[in-house]
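**Student:** what's the 3D shape of this:
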Amino acid sequence: MKFLVFSSLLVLSVGAQAACVSKYVQEGSTLAWTAFKTPKKVGVGAKFDKFTITSKPAESIQAAIKGSTFTVDSSSVNSGNPARDKKIVDNFFTSAGKPIKIEGKVEKIEKDTASVAFTINGVTKSVPMKVAVVEKMATLTGSINVMDFSMSKELAALNEACKALHEDKTWADVDLKLDAKFDVSCK
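**Tutor:** Got it, this is the predicted structure:
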């Protein structure tokens, strides 16, 4: 009899496991980057105030990340220094008088690594990014080299505009960090 009761409870508990849905939330999400200057490679941190991520709700945060698309308003640079922001936007994130378009898609995600196709300045390149999920926040980190996106003229223009402050050295690599917030509801 005890075995029958235990078996029934086990079946009921397995059948009653909650089905969860993870849904991306724009508010509370941040997109930050660190570029580097001077021969000593000093980091300059900033973020984009305006970016949009489109993601379908899914059974897990990792599943919701896969296939997500994003667009970034490259003129929304915020380093905490408005004069520096203007210099970065005018000299680096502008090409032929227009803001440089930044967009992309998460192509695949396996365990703790995502393959993200970035399209910047009309050039697309897949970039590996580390993925860490803690509670309802997913953090994606990785690095790009702006030369991979045909931005040598823009990098040279920024280096020239900041020559003294950068000691005539602006690096081509940029570290990226996305903190993406999710609502997770289980029934």
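**Student:** all helices for the chain, in order.
**Tutor:** Using DSSP state H, the helices found in the chain span residues 2-15, 61-65, 82-91, 152-161.
**Student:** mean confidence for the third one?
**Tutor:** In other words, helix 82-91. In this model, helix 82-91 carries a mean pLDDT of 97.
**Student:** that older thread, which one of the helices of the chain has the lowest average pLDDT?
**Tutor:** The weakest mean pLDDT among the helices of the chain belongs to helix 2-15, with a mean of 44.
**Student:** do you know how far the residue nearest the centre of the chain is from residue 149?
**Tutor:** The chain has residue 178 as the residue nearest its centroid, 3.5 Å off, counting by C-alpha atoms, centre = their mean. Counting by C-beta to C-beta, to the nearest Å, the gap from residue 178 to residue 149 is 18 Å. The way it works is simple: take the backbone N, C-alpha and C, and place the C-beta from them, glycine included.
**Student:** do the same with residue 157
**Tutor:** Residue 157 is 15 Å from residue 149, by C-beta to C-beta.
**Student:** in this structure, which strand has the most residues?
**Tutor:** Looking across the chain with DSSP state E, the single longest strand is strand 20-37.
**Student:** what's the span of stretch 90-105, first residue to last?
**Tutor:** End-to-end distance for stretch 90-105, by C-alpha to C-alpha, to the nearest Å: 26 Å.
**Student:** Distance from the chain centre to that stretch, please.
**Tutor:** Chain-centre distance of stretch 90-105: 17 Å, with C-alpha atoms, centre = their mean, to the nearest Å.
**Student:** Give me the buried stretch members for it, please.
**Tutor:** By neighbour count with 16 or more other C-beta atoms under 10 Å, stretch 90-105 contains the buried residues 91, 92, 93, 94, 95, 100, 102, 104, 105.
**Student:** Stretch 110-127 too?
**Tutor:** Neighbour counts over stretch 110-127 (16+ other C-beta under 10 Å) mark 114, 116, 118, 120, 121, 127 as buried.
**Student:** what does stretch 132-139 give?
**Tutor:** Burial within stretch 132-139, assessed by neighbour count using 16+ other C-beta under 10 Å, is assigned to 133, 138.
**Student:** which residues are in contact with it?
**Tutor:** 61-62, 65, 112, 131, 141, 177-184 (C-beta atoms under 8 Å, 6 or more residues apart in numbering).
**Student:** what comes up buried for the longest strand of the chain?
**Tutor:** Buried positions in strand 20-37, judged by neighbour count with 16+ other C-beta under 10 Å: 21, 22, 24, 29, 31, 33, 35, 36, 37.
**Student:** just stretch 33-50 next, same as before
**Tutor:** By neighbour count on 16+ other C-beta under 10 Å, the buried set for stretch 33-50 is 33, 35, 36, 37, 44, 46, 47, 48.
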